[in-house]
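# I'll drop the sequence and a predicted model, then ask my questions.
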Amino acid sequence: MAALELEGKISLKQAVQSGQSARGPWAKQEFILEYMDGNFPTSVCFTAWGDDKVNELARFQVGDKVKVSFNIKGREYNGRWYNDLRIWKISSADAPSQHGASTPAATSAPQGGSYGARPQEAPAPTFEDIPAADGTEEDLPF
């Protein structure tokens, strides 16, 4: 499977949850990442699972721009399915890529610019943009 990555801004961090299972102690922390989906901001919930990932997430604050690499996990419970987006890497979106890629196409930012950038808009039409009628044709389509 291809690597799944998203770049965006941390908009919320939940409290760390921890407990004891048959396999030993566990810890997880959920956070909300806001990213641009076309022209609209979209939010998604990720899970940092395990002490090492929770500690990695602790380096970042709400408002930080990050790049998240993740896997999708699904499970069934009582006839319903639940999906979990588990991060395996989180890094600053402002840091240069470790692969040496410096072109915009090598990042996971949406087409048309980086996170938060507005696409360039065409100027509104004016009366001068309307073609002049020579009087022989009606301008109504019916």
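Alright, I've got the coordinates.

# the residue nearest to residue 64 when sequence neighbours are not counted: how many residues sit nearby?
Counting by C-beta to C-beta, 6 or more residues apart in numbering, residue 64 lies nearest to residue 10, which is 5.3 Å off, once chain neighbours are set aside. Every C-beta, even on glycine, is put in place using the N, C-alpha and C of the backbone. Residues near residue 10, counting by other C-beta atoms under 10 Å, number 20.

# wait, residue 10 sits on residue 60?
Yes - using C-beta atoms under 8 Å, residue 10 is in contact with residue 60, at 5.9 Å.

# any common contacting residues for the two?
Both residue 10 and residue 60 are contacted by residue 66, under the criterion C-beta atoms under 8 Å, 6 or more residues apart in numbering.

# any stretches of this protein with poor pLDDT?
Applying pLDDT under 70 to the chain flags the ranges 1-2, 95-142.

# picking up where we left off before, what helix or strand does the residue nearest to residue 64 sit in?
strand 4-13 (DSSP states H and E).

# which strands and helices lie in contact with the helix or strand just after that strand?
Tracing the chain past strand 4-13, the next element assigned as helix or strand by DSSP H and E is strand 17-21. Applying 3 or more C-beta pairs under 8 Å, 6 or more residues apart in numbering; DSSP states H and E, one finds that strand 17-21 contacts strand 24-37.

# after the strand it packs on, which helix or strand is next?
Following strand 24-37 toward the C-terminus (DSSP H and E): strand 40-49.
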